[in-house]
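[1] Provided below for reference: sequence and predicted model.
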Amino acid sequence: MQQALTRALAPLDIKPPHLDILVNLYRFEGISQQELARKLLVGRSNMSMLLPQMEKRGLLERRADQRDKRVLRLFLTPDGRSLSEKAMVIQTDLIEQMLSATPLEDCTRMAESMERLIQRMLAADIGDEDNPESALSAGRG
């Protein structure tokens, strides 16, 4: 699925990690970089690699928080919003193609399993390289 999504997004000149960021900014305008990293289950260093590229391309803006200038909030630009909408259509169409022959019960079970996995990962703080107790950052994942 990841390979198919990468191919489908190629005409937009984005990859799945960019899409993850765009979709979250589309849904949660003004989210902080730290909140975004947590939602995506990645470390802040991953964000610090991708966000400048996307900002340079004119897809997003980073602005200081009004109350705490140390916190950067993320906002889509009009170009970023337009690209997000195009990419979400591509992603949705691909998912529909892939799952159209799958029984609804199987899809429901898969979604429930994924939700449980995400909740366990969040509870364990897996993927947070800034947390030395993280299983993935400690090399146990």
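    All right, it came through fine.

[2] element containing the residue nearest to the spatial centre of the chain, please.
    Within the chain, one residue has its C-alpha closest to the average C-alpha position: by C-alpha atoms, centre = their mean, that is Asp20, at 2.6 Å. Counting by DSSP states H and E, the element that carries Asp20 is helix 16-27.

[3] re the thing from before, skipping adjacent residues, who's closest to the residue nearest to the centre of the chain in space?
    Distance criterion C-beta to C-beta, 6 or more residues apart in numbering; nearest residue to Asp20, sequence neighbours excluded, is Leu40 at 5.4 Å. In this view, the C-beta of every residue, glycine as well, is placed from N, C-alpha and C.

[4] which ones are touching the one you found?
    By C-beta atoms under 8 Å, 6 or more residues apart in numbering, Leu40 lies in contact with Asp20, Ile21, Asn24, Asn46, Met47.

[5] using CSV, lay out those together with distance to Gln119 and pLDDT.
    Compiled in CSV, the contacts of Leu40 are given as follows (distance: C-beta to C-beta, whole Å; pLDDT from 0 to 100):
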residue, distance to Gln119, pLDDT
Asp20, 18, 95
Ile21, 22, 96
Asn24, 18, 96
Asn46, 21, 82
Met47, 22, 84
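
[6] ok, the residue nearest to Asp20 to Glu96 distance?
    Using C-beta to C-beta, to the nearest Å, one obtains 23 Å as the distance from Leu40 to Glu96.
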